[in-house]
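Undergrad: the following block contains a protein sequence and its predicted model.
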Amino acid sequence: MLPKFEGSNVQVLGISVDHIPCLNAWADSLDGISYPLLSDFWPHGMVSERYGVLRPEGYSERAIFIVDPDGIIQYLDIHDIGHQPDNDVLLEQLAHIQNNPALIPYKATESDLQRLPRGGVVMYCTTWCSDCKQARKWLRERNIAYTEVNIMDTPGASEQVRRWTGGNLTTPSFDIDGVIIVDFDIPKLKQTLKVSD
């Protein structure tokens with residue numbers, strides 16, 4: 001979705017309390033990231049502390065800030081480290097801040113949901129999620145056929161995952177002949193697919 005953000009005059013930045021080699025390794029594990037990653041390593045967590053998101057353990061909350069050109073924070077979201085941020089919410093906030101209705105994301109319809117694949121193993125995922133990568137490998141190693149649905153570019157897919165999870169975009173999520181498994185839960189997958197190692 002980076003082109004959509006850039007098209008709305010937004011500079012996306014990632015910041016972490018990790019050092020630069022660690023950030024580079026993380027970006028490489030996601031097949032590269034094309035937006036700048038900033039290191040808040042030394043003095044350790046100073047930026048995170050100034051923004052009020054440095055945890056006592058020495059790492060930052062998973063937080064999203066929208067800062068306007070004047071340096072004023074217009075939006076803040078702190079969410080569970082295990083959950084992905086909702087880009088649609090960010091686009092809606094940007095549409096409001098910039099008074100630009102063209103940024104309001106497409107809302108999935110019931111028709112979109114009905115067109116999603118059903119039957120067999122359907123994995124709802126993203127291209128960059130590390131758990132999704134592990135799940136693909138796990139399924140291939142067991143010769144389990146599956147259909148992959150990218151929640152970022154398939155109409156209705158992210159909405160379907162939100163319905164299963166109570167609002168979160170947790171990937172991978174599976175629909176196995178109507179049995180829903182949220183996250184890469186190997187014991188549940190083994191039980192549902194009747195496989196053993």
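TA: On my side now, so go ahead.
Undergrad: mind jotting down where the helices sit in this structure?
TA: 2-7, 20-29, 46-50, 87-98, 110-114, 130-141, 157-165, 186-193 (DSSP state H).
Undergrad: okay, the ones you listed in CSV with mean pLDDT and distance to residue 175 next?
TA: Where C-beta positions appear, they are placed from N, C-alpha and C, glycine not excepted. Compiled in CSV, the helices of the chain are given as follows (pLDDT from 0 to 100; distance: least, CB to CB, whole Å):
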stretch, mean pLDDT, distance to residue 175
helix 2-7, 73, 27
helix 20-29, 87, 27
helix 46-50, 94, 38
helix 87-98, 84, 21
helix 110-114, 91, 12
helix 130-141, 94, 13
helix 157-165, 91, 8
helix 186-193, 96, 11
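Undergrad: want to try JSON lines for those, with mean neighbour count as columns?
TA: Formatted as JSON lines, the helices of the chain follow (neighbours: other CB atoms under 10 Å):
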{"stretch": "helix 2-7", "mean neighbour count": "12"}
{"stretch": "helix 20-29", "mean neighbour count": "13"}
{"stretch": "helix 46-50", "mean neighbour count": "15"}
{"stretch": "helix 87-98", "mean neighbour count": "17"}
{"stretch": "helix 110-114", "mean neighbour count": "11"}
{"stretch": "helix 130-141", "mean neighbour count": "16"}
{"stretch": "helix 157-165", "mean neighbour count": "19"}
{"stretch": "helix 186-193", "mean neighbour count": "15"}
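Undergrad: distance to residue 150 added to those, as CSV?
TA: CSV is the format used below for the helices of the chain (distance: least, CB to CB, whole Å):
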stretch, distance to residue 150
helix 2-7, 15
helix 20-29, 18
helix 46-50, 31
helix 87-98, 13
helix 110-114, 14
helix 130-141, 9
helix 157-165, 7
helix 186-193, 20
